[in-house]
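**Q** What follows is a predicted structure for the sequence shown.
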Amino acid sequence: MAGITDLDVLLRDLSPRRREGEFVYVTTGSEVPAEARIVEREGVTLVLRRETAEDHGLTYEATFGWITLEVHSSLEAVGLTAAVSTALARAGISCNLLAGFHHDHLLIPTPRVDEALAVLNDLSKPAARGFGITIARWLGLTAPRH
């Protein structure tokens, strides 16, 4: 099944779910079982379970909770990242996003994960976005019609 591109459907069916555990970002040249791997010019960034980092003696700066948006978003969908990050930013919550083939994943500072889940669940409700306005207008991406 193809991923969803319609932003209203994506937000309606967002279904945020917390993955168990705490996660950390590290950089290392060692082979370590990672949940995610990002190759950058400066080196390799790994997202690991906190316990894995500690078992391998790797240092980290902060811990994060992992939230998966269960809706099957298309990699070509427009506005989902903006809607999610805007809602979280309005609540003062930091968010690091990773896009997978089927789902988007958010790493939220551990103390704010439950609050982030509440914000995301509210974002799925039409009232949170305002009755009768488009998502693009709610995000401030278009001017209101007169």
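**A** Okay, I see it. Numbering: from 1, shown residues only.
**Q** in the protein, which residue is closest to the centre?
**A** Leu106 (2.4 Å; C-alpha atoms, centre = their mean).
**Q** following the host helix or strand of that one, which helix or strand comes up?
**A** Applying DSSP states H and E as the criterion places Leu106 in strand 104-109. Proceeding N to C from strand 104-109, the next assigned helix or strand is helix 113-123, under DSSP H and E.
**Q** which residues sit against that next one?
**A** Helix 113-123 is touched from outside by 11, 14, 16, 18, 64-65, 67, 69, 83-84, 87-88, 91, 93, 95, 106, 108, 128-129, with contacts defined as C-beta atoms under 8 Å, 6 or more residues apart in numbering. For glycine as for every other residue, the C-beta is placed from the backbone atoms N, C-alpha and C.
**Q** contacting residues around Thr52?
**A** Going by C-beta under 8 Å, 6+ apart, the list of residues near Thr52 reads 32-34.
**Q** Name the residues of the helix or strand harbouring it that are buried.
**A** Assigned by DSSP H and E, Thr52 belongs to helix 50-55. For helix 50-55, a neighbour-count test (16 or more other C-beta atoms under 10 Å) marks 50, 52-53 as buried.
**Q** mind checking which helix or strand of the protein has the lowest mean pLDDT?
**A** Every helix and strand in the chain was compared by mean pLDDT, DSSP states H and E; the lowest is helix 126-129, with a mean of 53.
**Q** Just the buried subset of the contacts of helix 113-123, please.
**A** Among the contacts of helix 113-123, those classed as buried by 16+ other C-beta under 10 Å are 11, 14, 16, 64-65, 67, 69, 83-84, 87-88, 93, 95, 106, 108, 129.
**Q** List the ones among those that fall in helices.
**A** If you go by DSSP state H, the buried ones among the contacts of helix 113-123 have 11, 83-84, 87-88, 129 in helices.
**Q** Widest-spaced pair of the residues you listed?
**A** In these, two members sit farther apart than any others by C-beta to C-beta. They are Leu88 and Arg129, at 14.4 Å.
**Q** So for Val39, what's the pLDDT?
**A** With respect to pLDDT, Val39 has a value of 89.
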